[in-house]
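K.L.:
after the sequence you'll find the predicted model.
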Amino acid sequence: MENLLSSLALTVFVGILAVLAQWSRKSRRAEISLLVVLVFASLLVLGTGVLVCVLWISGQMPADVYPQKLLAVTGVPVALAGMAGLALCFPTLRKIVGGRPNGEFWTDPPIFLALWLFVTVLLANNLVGILGFEQLNRVGAFSLGTGGRIPPVAILASQLPFVVMALLGVGAAIRRGPRATLARLGYGPISLRHVGIVVLFIAAALALSLVADYLFSQLQPGLYRKVGEVSSTLFNPKGLSLISAILFALLIGVGAGLGEETLFRGAVQPVFGILATSVLFASMHVQYGPSLLLGYIFLLSIGLGLLRRHINTTASFLAHASYNTLGILAAYFFGI
């Protein structure tokens with residue numbers, strides 16, 4: 001319930017900022033409001049990071065409340081994220097003070113907001129999750145408060161902010177109608193030849209995943225066991241009936257595929273490119289910790305990005321959803 005409420009709160013917050021960013025293209029007052037909010041939020045993030053660093057250095061936080069090692073990997077990234085957020089605000093501040101029009105990449109309000117969210121919120125949060133994987137796993141952070149298999153409502157809630165961010169980020173219902181929004185996000189029909197390409201991509205991705213998993217088990221055996229425990233807790237379909245397992249696999253596959261492809265490949269990639277999008281996408285998978293699998297996820301994202309570029313987002317979504325679904329079904333039938 002707490003995860004659902006926090007996800008809804010994040011969705012509302014991001015939605016309001018996205019609408020404000022769209023209005024800022026025509027209203028200087030809205031642009032000033034957006035800048036003030038992001039400067040204040042950056043200062044809040046910076047202050048939080050500094051406070052955590054102080055608690056870490058002073059050793060005043062009881063270990064049973066918050067482990068010292070977790071303080072260490074939290075304080076610095078959060079403080080740096082706050083500083084980066086402030087730095088991103090300066091070009092827009094100069095534009096407003098100088099009375100200059102829109103046009104520069106860094107000061108275009110939707111792009112400015114997207115950069116701020118990615119650097120100040122997502123990358124900082126993901127970096128803490130990856131670097132603090134061991135400590136977070138010990139305190140049960142990856143169990144999402146359930147202590148077991150991830151519930152369907154948590155899957156949907158986790159993807160809701162992605163969809164809202166993507167839709168409002170490209171101006172849905174503000175400067176684009178439904179058809180134009182889908183076109184901007186890259187959704188459209190695909191041919192049988194394209195379906196064949198998607199099938200080949202899925203087969204290659206699954207084969208490569210076996211190689212990555214083997215290398216991971218050999219080169220990082222300790223982390224391999226810990227990551228396996230997290231994945232088994234959240235995504236293992238064992239114990240479900242056949243129908244329930246299939247529904248669970250489809251929910252994971254379609255839910256994650258739709259949310260992540262709509263945001264990363266649909267909305268973000270056309271602006272920031274495949275490489276930058278893939279770095280951000282790989283960093284989202286904090287449940288793998290600082291493992292070799294992040295490199296594999298990065299390569300997988302590049303492949304999905306190429307599908308988006310040369311076909312469309314429908315193709316990358318089908319590939320992503322099918323890959324996730326088949327992976328869970330493989331665990332159910334073969335214990336992979």
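P.N.:
Thanks, I have the structure now.
K.L.:
please count neighbours and contacts with C-alpha atoms only from this point.
P.N.:
Noted.
K.L.:
what is the mean pLDDT for stretch 238-247?
P.N.:
Averaging pLDDT along stretch 238-247 yields 89.
K.L.:
revised request: answer the last question for stretch 212-230.
P.N.:
92.
K.L.:
what does stretch 254-262 give?
P.N.:
What stretch 254-262 shows for mean pLDDT is 94.
K.L.:
helices along the stretch 51-200 of the chain, start to end?
P.N.:
68-98, 109-116, 124-131, 133-138, 152-169, 178-185, 192-219 (DSSP state H, counting those that start in this stretch).
K.L.:
can you put the ones you listed in CSV and add distance to Gly59 and mean neighbour count?
P.N.:
Shown next, in CSV, are the helices of the stretch 51-200 of the chain (distance: least, CA to CA, whole Å; neighbours: other CA atoms under 10 Å):
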stretch, distance to Gly59, mean neighbour count
helix 68-98, 7, 20
helix 109-116, 31, 22
helix 124-131, 19, 22
helix 133-138, 17, 18
helix 152-169, 34, 20
helix 178-185, 48, 17
helix 192-219, 34, 15
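K.L.:
mean pLDDT lowest for which of these?
P.N.:
Among the helices of the stretch 51-200 of the chain, helix 133-138 scores lowest, with a mean of 76.
K.L.:
show me the contact partners of that one.
P.N.:
Helix 133-138 is contacted by residues 67, 69-70, 129, 142, 230, 286-287, 289-290 when judged by CA atoms under 8 Å, 6 or more residues apart in numbering.
K.L.:
for stretch 115-130, same thing?
P.N.:
38, 42, 45, 73-74, 77-78, 81-82, 84-85, 88, 136, 280, 283-290.
K.L.:
again, only using 7 Å
P.N.:
For stretch 115-130, the external contacting residues (CA atoms under 7 Å, 6 or more residues apart in numbering) are 73-74, 77-78, 81-82, 84-85, 88, 280, 283-284, 286, 289-290.
K.L.:
which pLDDT value belongs to Ser143?
P.N.:
60.
K.L.:
which one of the helices of the stretch 51-200 of the chain lies closest to Pro270?
P.N.:
With CA to CA as the criterion, Pro270 lies closest to helix 178-185 of the helices of the stretch 51-200 of the chain, at 8.8 Å.
K.L.:
re earlier: most neighbours, which of the contacts of helix 133-138?
P.N.:
Highest neighbour count within the contacts of helix 133-138, by other CA atoms under 10 Å: Gly129, with 27 neighbours.
K.L.:
what separation do you get for that one and Gly289?
P.N.:
Distance check for Gly129 against Gly289: by CA to CA, to the nearest Å, it reads 7 Å.
K.L.:
need the helices of the stretch 51-200 of the chain in TSV with distance to Ser6, can you?
P.N.:
Formatted as TSV, the helices of the stretch 51-200 of the chain follow (distance: least, CA to CA, whole Å):
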stretch	distance to Ser6
helix 68-98	19
helix 109-116	20
helix 124-131	14
helix 133-138	18
helix 152-169	9
helix 178-185	26
helix 192-219	32
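K.L.:
nearest to Gly253, of these?
P.N.:
helix 152-169 (10.0 Å).
K.L.:
for the spatially most central residue of the chain, give its distance to Pro290.
P.N.:
The centre of the chain sits closest to Met284, judged by CA atoms, centre = their mean, with a distance of 4.2 Å. Met284 sits 12 Å away from Pro290, going by CA to CA.
K.L.:
same question, Ala79
P.N.:
Relative to Pro290, and taking CA to CA, Ala79 is found at 21 Å.
K.L.:
how about Val39?
P.N.:
To Pro290, Val39 is 31 Å away according to CA to CA.
K.L.:
then Gly98?
P.N.:
In terms of CA to CA, Gly98 sits 44 Å off from Pro290.
K.L.:
Ile155 too?
P.N.:
23 Å.
K.L.:
same thing with Thr325?
P.N.:
Separation of Thr325 from Pro290 (CA to CA): 24 Å.
K.L.:
what's the answer for Ser158, then?
P.N.:
As judged by CA to CA, Ser158 and Pro290 stand 22 Å apart.
K.L.:
ok, Gly259 next?
P.N.:
24 Å.
K.L.:
next: Gly255.
P.N.:
Gly255 is 25 Å from Pro290, by CA to CA.
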